[in-house]
Each structure stands twice: as C-alpha cells, then as structure tokens.
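1. pasted the sequence and its predicted model underneath.
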Amino acid sequence: MKLQDLHLRRNLVPDIAEAWSQLTHHRLRSALTLLGMIFGVGAVIAMMAVSEGGRLQALEMIEGMGVRNLILEANEPGGDALKDMRKHSAGLSMADAESIAITLPFITRWAGIKKFEVWNLFSETGQSTAEVWAVSPDYFELTALSVATGNVFDTTADRRYDQVAVLGAQVARDLFPNGEAVGQLLKVNHLWLTVIGVLKDRQLGDDEFQGQQVGGESDRVYLPLHSGLRRLRMPPMAAELSELKLQVAEDIQPAVAAGAIRHLIDRRHGGQKDTRLTVPARLLAQHQQTQWIFTIVMSAVAGISLLVGGIGIMNIMLASVMERRAEIGLLRAVGAREVDVVRQFLIETTVIAMLGAAIGVVVGVVLAYVIATFAGWAVAWSIPAITLSVFVCVSIAVGFGVYPAQSAARLDPVAALQSD
C-alpha cells in the first residue's frame, strides 16, 4: 500500500467525525437540508417499486392470455338481432378453428372454449356458483395453467367424451372443504363428473387487463370440450364455441396474423360481426406505453425533489464555508493543501447525502406500501435497481457540494484569518 493511500485512510475517520460534529452542531439546519434528500430518494424508491410491481403484474396477467396467442370471441347480441345474424352465420364453431388451422400455417395450436350456463353445481360436501367451461386439452398449455394435484385431461379423454373435470383452487375448496378433491364426484346441472385435477392458484392482483378479462380460473370448472358439447345443453341459436385461443408461430407478428384471421372469419361468416378478435401482445404494448409515461412523470417529480435536495446541500455548505473562514485560514496556515480542504468539505457533503439516502430508502419503502394499500397497485423490489438509484442520488448531492468545497479551498489564508 502506498504511503499516500495510508495517509488518506488514516485521516478518513477523523474527517467523518468532524463532518458529523458539524451536522449535529446545526441540527435544525441539517434536518431541513436532509429533507430534500430524504423525499428525493424516497420518491425514487417508491416510483421504482410501483413501476416494477406494475411490470411484473402485467407480465403475469398477460401470461394467462398468452403473449403469442390471439383470442377470437363469439359476439352474440340478444333478441331479433341474433335471429338476423343467424340467417347468415352459425357463429363461432369448431369448423372455424379447423379452417384456420388448415388455411393459415402460422397458427401452430388452437383451443376451443364453450362457456355453459349453470343452474346447479354441487358435491356431497359443498356447492358453488363457479363458471363451467368446456375446453380443448391444449387450453391449459396455451394459458400457462398447471395443476397442484392430479392431472388435466388429454386428447383421448376429450375424444371419448369422458365425464371428468379439472377444478380451480377456489371451487375445489368450496365443493370439497374437508379433504382431497381428486377422485371425488360433482354434478354440473344434470351431468356427473369425476375430478381428476386441481389447478394451482395464480392469485392475480386484478381480473382485468386493458379492458380484457383475465384470470378467474380459480373459480371455474373445466371439462373436455367434446364432452361438454355433447352432454350439456346450450341455448337456442347459441354459437358452438364461445371462444378460440390461437397460438401464432414465433416468426410471425401477432398483429399481422390477426389481420389474416379477421379476413378469413369475415368471409366464412358472411361479413357478420359476430366475433371479436383480441391481440394480447398489442394490449401488453399499450400497457407498457402507459407505464412508460407514468415512469417519466414520476421520475420528473423525483428529479425535482433531488434537485431541491442538492440545492439545499449546496446552500448549507456555502453557509458552512462562510462561518468557518477563520478555521479554513488556520488550516491553510499550518500547511493544509487545497485538496485537503476540498476533501474535508466533500466528506461532509457525502455524510449528509448518505444519511439522507438511508432515511430516504426507509421512507420510500413505507411510501410504496401506502400507495399499494390505498391505490390497489402492486409493488416489487429490485435490489440492484435500488442500489443504483441510491448511488445516483448520492452522486447528485455530492456534485452539488463540489462548488462550496472548491470555494473553501480557494480562500486566501491571510484574508480568511482576518475575517473574525
């Protein structure tokens, strides 16, 4: 170790002690100066937590829709409008799905969904008001659903019209509160089903994303699509399918694929507007744009707070220089160099900045959870991001302390000694 480095380290502890002594000597002024840094760092930390929480929640919610999926939903108005529509189109059907798969090679997989009206759903130990969906076996993979216990049904069970069911976590608790659901029987309307699996509960923070319903699988009963279409009753003139999920190949943009599907369905349905096409990737892009605007606005607010904090630090350090002119002159007279004076004042600035940043982190954490509680937003933490933000905040504060430190170092020793 170089002698100069050893000398610097030996003087560092007394310099920090001296800096702390100056802060405690003017407690009110120091406290007011710290407020700028505390609220600046706190605003940055809270903004990052809310922004990261929103990003992760959006990714989790869009995962349920499938970022590479397209969602084609049946649109069925009531009354005479539906009668007129059915003169030209039978509505969304299995034939539509097969036609899309054959005609458009960039659709790699699809899953049909039929939502049934339920007036009776119970087991020997409980009852429920859950939704009942008949789905293709690929539905679970396309929506990233996995089982907690048991298994999901496969293509063989679907083609055999097996009377089996997969339950969401909440409906499993409602129907079988006293034990294991797998292997038990439940009744949907007039149809008895055997439970073969229970899904994991994803516990999404919201059930809507950019106006599109997501989640909800916790309170649903799933049975094979062909079993439902054959064994459960449907209202007159209802479309064969309520929804189609279509997976797009990796090398095709979902928005481009959506145009081709829209054209094909319009031709098959005689131009009737009896379907709605949703592109989850587009919804995610819209959400990211909204979140980016939110982040910019919050960053601007946090930046202003840091600027105010930096100005406060510069103010207190300039005041300190004016008060300690005689001390600075004495130090210079006994051999202190300009760099020694600069170092002393920068250490004082750094102590203020670090103390303000430490308190600011605590304030930011509390502020983030207060926002989450009252606004219903998600929060998430990234330690590297927090560390980087604190480093940037402290660097800004220290940067504002450079000018006062240089001003102190450039004082004329003789004039400084005569200042008193």
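-> That came through fine.
2. for the stretch 101-250 of the chain, give me the ranges with low pLDDT.
-> 203-215 (pLDDT under 70).
3. same thing but at 80, please
-> 179, 202-216 (pLDDT under 80).
4. for it, what spans make up the strands?
-> Here the stretch 101-250 of the chain has its strands, by DSSP state E, counting those that start in this stretch, at 107-116, 121-123, 131-135, 147-150, 164-167, 185-188, 191-199, 208-209, 212-213, 220-224, 243-248.
5. packed most tightly, which of the ones you listed would that be?
-> Ranked by mean neighbour count under mean count of other C-beta atoms under 10 Å, the strands of the stretch 101-250 of the chain are led by strand 164-167, which reaches a mean of 27. (C-beta placed from N, C-alpha, C; glycine too.)
6. that one pairs with which strands?
-> strand 191-199 (parallel), strand 220-224 (antiparallel) (DSSP bridges).
7. so can I have a markdown table of those showing distance to Arg267?
-> Listed next are the strands paired with strand 164-167 as a markdown table, based on distance: least, C-beta to C-beta, whole Å:
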| stretch | distance to Arg267 |
| --- | --- |
| strand 191-199 | 36 |
| strand 220-224 | 30 |
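8. can you say which of these is nearest to Gly356?
-> strand 191-199 (47.9 Å; C-beta to C-beta).
9. what's next to that closest one, contact-wise?
-> 145-153, 163-169, 172, 176, 181-187, 217-218, 221, 223, 231-232 (C-beta atoms under 8 Å, 6 or more residues apart in numbering).
10. work out for me the element Asn379 sits within.
-> Small correction: residue 379 is Val, not Asn. Here Val379, judged by DSSP states H and E, is contained in no helix and no strand.
11. okay, it: pLDDT?
-> Looking at Val379, its pLDDT stands at 81.
12. which residues touch it?
-> So Val379 contacts Ala49, Val50, Glu52, Gly53, Ala368, Tyr369, Ile371, Ala372 (C-beta under 8 Å, 6+ apart).
13. hmm, which two among those are most spread apart?
-> Glu52 and Tyr369 (13.7 Å).
14. ok now the helix ranked longest in the chain, how far from the chain's centre?
-> Longest helix of the chain, by residue count under DSSP state H: helix 280-323. How far helix 280-323 lies from its chain's middle: 20 Å, per C-alpha atoms, centre = their mean, to the nearest Å.
15. repeat that for stretch 176-193.
-> Distance of stretch 176-193 from its chain centroid, counting by C-alpha atoms, centre = their mean, is 36 Å.
16. also stretch 264-272?
-> That offset, for stretch 264-272, works out to 38 Å (C-alpha atoms, centre = their mean).
17. how about it as PDB, C-alpha atoms only?
-> Extracted in PDB, the C-alpha atoms of stretch 264-272 (Å, rounded to 0.1, in the frame of the first residue of the first chain):
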ATOM      1  CA  LEU A 264     -60.900 -15.500 -43.100                       C
ATOM      2  CA  ILE A 265     -63.600 -15.300 -40.400                       C
ATOM      3  CA  ASP A 266     -65.400 -12.500 -42.100                       C
ATOM      4  CA  ARG A 267     -65.600 -14.500 -45.300                       C
ATOM      5  CA  ARG A 268     -66.800 -17.700 -43.500                       C
ATOM      6  CA  HIS A 269     -69.400 -15.700 -41.500                       C
ATOM      7  CA  GLY A 270     -70.800 -13.800 -44.500                       C
ATOM      8  CA  GLY A 271     -69.500 -10.500 -43.200                       C
ATOM      9  CA  GLN A 272     -71.400 -10.700 -39.900                       C
END
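18. picking that back up, with distance to Ala302 added, can I get the strands of the stretch 101-250 of the chain in TSV?
-> Listed next are the strands of the stretch 101-250 of the chain as TSV, based on distance: least, C-beta to C-beta, whole Å:
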stretch	distance to Ala302
strand 107-116	44
strand 121-123	50
strand 131-135	43
strand 147-150	41
strand 164-167	46
strand 185-188	53
strand 191-199	41
strand 208-209	27
strand 212-213	31
strand 220-224	42
strand 243-248	39
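19. of all the ones you listed, which lies closest to Gly356?
-> Per C-beta to C-beta, nearest to Gly356 of the strands of the stretch 101-250 of the chain: strand 208-209, 38.1 Å.
20. residues near the closest residue to Glu117 other than its chain neighbours, how many?
-> Nearest residue to Glu117, sequence neighbours excluded (C-beta to C-beta, 6 or more residues apart in numbering): Pro235, at 7.1 Å. Number of residues near Pro235 (other C-beta atoms under 10 Å) recorded here: 9.
21. equivalent analysis for Asn120, please.
-> With other C-beta under 10 Å as criterion, Asn120 counts 10.
22. test my guess that it contacts Val221.
-> No - using C-beta atoms under 8 Å, Asn120 makes no contact with Val221, being 11.9 Å away.
23. okay, and the common contacts of these two?
-> Val188.
24. quick one, domains of the protein?
-> With domains defined by automatic domain parsing, the chain comprises 3-62+286-417, 68-273.
25. quick one: those as TSV, columns for distance to Pro280 too.
-> TSV is the format used below for the domains of the chain (distance: least, C-beta to C-beta, whole Å):
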stretch	distance to Pro280
domain 3-62+286-417	6
domain 68-273	6
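26. among those, which is nearest Val279?
-> domain 68-273 (5.0 Å).
27. nearest to Ser382, of the strands of the stretch 101-250 of the chain?
-> strand 208-209 (22.2 Å).
28. pLDDT wise, what is the residue lying closest to Ile71 once chain neighbours are set aside at?
-> Nearest residue to Ile71 in three dimensions, chain neighbours excluded: Thr278, at 4.2 Å (C-beta to C-beta, 6+ apart). You'll see Thr278 listed with a pLDDT of 85.
29. just Pro413 next, same as before
-> Confidence for Pro413, expressed as pLDDT, is 64.
30. same question for Arg10.
-> Predicted confidence (pLDDT) for Arg10: 48.
31. so Asn178 sits against Ser123, correct?
-> No - in this structure, Asn178 is not within contact of Ser123 by C-beta under 8 Å, at 10.4 Å.
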